[in-house]
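Visitor: With the sequence up front, the predicted model follows.
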Amino acid sequence: MDTLSLRNYFAGISPEIIIADGKQYLEITIPGPEFHDFCARMKNDDDLHFDYLISLTAVDWNDHFIIVCHLTSTAHRHTVVLKTKIDRIEAAIDTLSDIWKTAEYHEREVYDLFGITFRNHPDMRRLFLEDDYGFPLRKDFTDDERIITR
Amino acid sequence: MMQEEVIKNIILGEEEDYIVNVGPQHPSTHGVLRFEVSLQGETIKKVVPHCGYIHRGIEKMCERLTYQQIIHLTDRMDYLSAHMNNEAVCLCVEKALEVDIPARVTVIRAMIDELNRIASHQLWWSAMGMDMGALTTFFYGLRDREKILDIYEESFGTRLIQSVNTPGGLMNDIHPGFQRKVKEFITYFRKKLPEYDQLLTGNVIFRERTKNIASLSCTDAIQYGVTGPAGRASGFSCDVRKVDPYGAYPQVNFREILMTEGDTFARYKVRIAEMYESMKILEQLVDNIPEGDYSAKMKPVLRLPAGEYFQRMETARGELAVYIVSNGDKTPYRIKFRSPNFSNLFVISKLAPGYKIADLIAISGSLDLVIPDIDR
Amino acid sequence: MNISIYDFSTVTHYIDTGLRSAMSPGWAVFTELVIVGLVFLVFYALLGLFMVYAERKVCALMQNRLGPNRVGPVGIFQTIADLIKLLMKELIPIKNADKLLFNIAPFIVIIASFMAIAAIPFARGLHAIDFNIGIFYVIAVSSVGVVGILLAGWSSNSKYSLIGAMRSGAQVISYELSVGLSLLTIIVFAGTMQLSGIVESQANGWWIFKGHIPAVIAFIIFLIASTAETNRGPFDLAEAESELTAGFHTEYSGIKFAFFFLAEYMNMFIVASIAVTVFLGGWMPLHFGTESAFNHIMDFIPPVIWFFAKVFVVIYIMMWFKWTFPRLRIDQLLTLEWKYLLPVNLVNIVLVAFLTLFFQKQISNVQG
């Protein structure tokens, strides 16, 4: 589907989602509690059929996190960006690994680098760093011994 | 606590398991990666990959570097497709700044990409043969790869890592002998590539070790995000050069190699066929390099407008995606590299169980993993 | 046949009478034993050195490079340099290893190959022991080597070594069957197990030519099975460097590692010598038809040279295998033996038995 029909489709799904146009891809922001179900719908719906999760990552905006998912459909060849806002103190959201298997490992990486836990994840462990290291990609992270800031 | 329980259940299994660590120092993993393999006799029951031995925090480092400096860090991620990594960042930055890059740059970048792809596949072929025991393949593959490295050295002064890209174009023009050398290489390599087939592809021992081993279905490939030759061997049509074309690829004529079996042998054949396709692309481009500048005029300090930019690129191993979040500063606010090897690695825990240790080596060889790309 | 001019038994006879005239019979025998032992030790060591060098040069030839060419004229002293290095290396003691078995294991492997080499005829009369059950003895004694491998793997107290030793043990025991059965075909043809007898029976043509198809089949099976016996070539998963680091000899360093290394090359030599003795005429020259000028020229070349030339051709073929083919997996290896080689072998033996029964006159054995 092209961008306009996708936009109209999504606008019809739920009034709470925010759709941003004028960007490289269609960007949809969904409130946290509905994120998992929305993603499941994105995958299972035949017209949308977003079966390939390109990347799942997080961005730290100082007082909240935003989880960013880039999705594309192998059948229809359309791409969207899904976003959701996560509170900084209580950084947790439902896992997407039951929808896309690759999310299991992207989420582990996000947990490792940002400290965002994913509920119901089959294996919520850190991926690269030791267990007692902080969460380096947070903006307020400092490590005086090993990181030199200019 | 919960964490320990989870660890125990997932990693250790029953108490009686015979656990062998393949890595981090191992002749076959080609990088620092540890496979914790739980065995029953010779058969693998469970494989848990442990990465992170070479995590250098590239994404965090890039938050303090300018865009021109980031390019030199991306070389070190998947060092065998170094130029393609560079180009991904350059294209993303150029897209954000809406810069028109000269046609000459586009064509040269595409040619170096394809040379890089052939060189990477040659190294893969050498290493795969060597892992399977045919030690001679290492020398034949690397001998032919030297010709490509000589071309690079003449033009850019470097062999493995090019670092010649910069947002807006190239840092220096190609050497005048570039076209001639590329043509010589293509003639030479077209004669040598069938030798590879004679030595390894047709060998009955090699076929017995790779046919019907670790078949990956198309839906699983999509689910796990396995791209590149490994995904295409399962029928997943993921070649970014066709799906989301960039650079000079819309102008050239080549096939996307797709196979359906998805076993180790299919992954092998896809890469050999891709080498032929790359040579075809090179032949189409080598005589048609447009004249012109080798770089657009760019400001010395690049500030990307606030926003988010995403660029996909097909490296030798799969789909690399660069996601830049900028807040108007001269350094990125957040940069994320979606590396192909990261997704390709974890499919091993699905593919390997049920096969023997020797097959684990064959499987990881056919997935062609470069470990620094997993860890970044 | 003019090969009597190169009869070595005259030399040995001369030494024997010399010694017996100088001292009592007991002492003479003792001195002879010492002399034979020393000659074999030196021969073993020199041959080992040469074979390692040959392997490296052959390997380089196939891989489009030069091989050792710095130490000595064409790099011929390379192995001696390696030997000196290995002798000076630290013998790393393993903490929880079974010390006695750990130390004995390399010696068992060497002793097994020593005992086998004693029975090979290098020329007429140049023979350390000439049993009437020659081949049987050689096969039996070379099986003792697997004990050394298993001990090495087990006593190293390391998972990798144990896996390597188990694989190797299974492999060697399986392929011994094929080795024995393929040799049996020629024993049936020749009618004797005595090695010198088998060589003499090839005076009118090598068994590989006289025995036609069954002998060729037996030769091919013997080559494959003996490459597997010696853990070489496509069957080297016991020491698969790319999979289990070094398999059963991972934990050995210094001179003990050198023993395993040496024993592998000597085993290759022994296996090649048996192949040459049984199938390719031993020290008999190559003759076409009967009396002719060509045959006379062939006769002039000393039998020792014939023997070594043939052995090195067979060794070259074995090295060729190693550097061309990928490695077989353990289950494919065992499948090859039990499902393919063994049935072919058994059928071959039945065929040979029939041939010998019905065509006895044509395949006459010339007992010298």
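Guide: Arrived safely, thanks for sending.

Visitor: the longest helix in chain B is where?
Guide: Looking across chain B with DSSP state H, the single longest helix is helix B:103-132.

Visitor: hmm, I was thinking of chain C
Guide: Under DSSP H, chain C gives helix C:25-62 as its longest helix.

Visitor: what comes up buried for that one?
Guide: Judged by neighbour count using 16 or more other CB atoms under 10 Å in any protein chain shown, the buried positions of helix C:25-62 are C:28, C:44, C:47-49, C:51-60, C:62. To be clear about C-beta, it is placed using only N, CA and C from the backbone, and glycine gets the same treatment.

Visitor: Flag the least confident of these.
Guide: Of all the buried residues of helix C:25-62, residue C:28 has the smallest pLDDT value, namely 80.

Visitor: That residue and residue C:20 touch, don't they?
Guide: Yes. Counting by CB atoms under 8 Å, residue C:20 is a contact partner of residue C:28 at 4.7 Å.

Visitor: how about the residue in the stretch 251-368 of chain C that chain A sits nearest to, what does it touch?
Guide: Nearest to chain A, among the residues of the stretch 251-368 of chain C, is residue C:329, at 28.8 Å (CB to the nearest CB). The neighbourhood of residue C:329, defined by CB atoms under 8 Å, 6 or more residues apart in numbering or on different chains, consists of B:208-209, B:356, B:358-359, C:237.

Visitor: Skipping its backbone neighbours, what lies nearest residue B:165 in space?
Guide: residue B:86 (4.0 Å; CB to CB, 6 or more residues apart in numbering or on different chains).

Visitor: so which strand or helix has the one you found?
Guide: Here residue B:86 sits within helix B:82-97, counting by DSSP states H and E.

Visitor: Kindly report the same for residue B:161.
Guide: For residue B:161, there is no host helix or strand (DSSP H and E).

Visitor: near chain C, anything from stretch B:268-288?
Guide: No. Applying CB under 8 Å from any CB of the partner chain, one finds stretch B:268-288 separated from chain C by no less than 11.9 Å.

Visitor: OK, contacts around the residue of the stretch 251-368 of chain C found nearest chain B?
Guide: Proximity of the stretch 251-368 of chain C to chain B (CB to the nearest CB) peaks at residue C:327, 2.9 Å away. By CB under 8 Å, 6+ apart, residue C:327 lies in contact with B:132-134, B:205, B:209, B:358, C:234-237, C:240.

Visitor: if you set the cut-off to 6 Å instead, what comes out?
Guide: By CB atoms under 6 Å, 6 or more residues apart in numbering or on different chains, the contact list for residue C:327 reads B:133, C:234, C:237.

Visitor: Specify the local secondary structure of residue A:118.
Guide: Secondary structure, DSSP: H, G, I helix; E, B strand; the rest coil: residue A:118 is strand.

Visitor: and the gap between the residue of the stretch 251-368 of chain C closest to chain A and residue B:366?
Guide: As judged by CB to CB, to the nearest Å, residue C:329 and residue B:366 stand 15 Å apart.

Visitor: With residue A:115 instead?
Guide: 36 Å.

Visitor: Between the two, tell me which one has more neighbours.
Guide: Using other CB atoms under 10 Å in any protein chain shown, the more surrounded residue of residue A:115 and residue B:366 is residue B:366, with 27 against 20.

Visitor: Many thanks, I have nothing further to ask.
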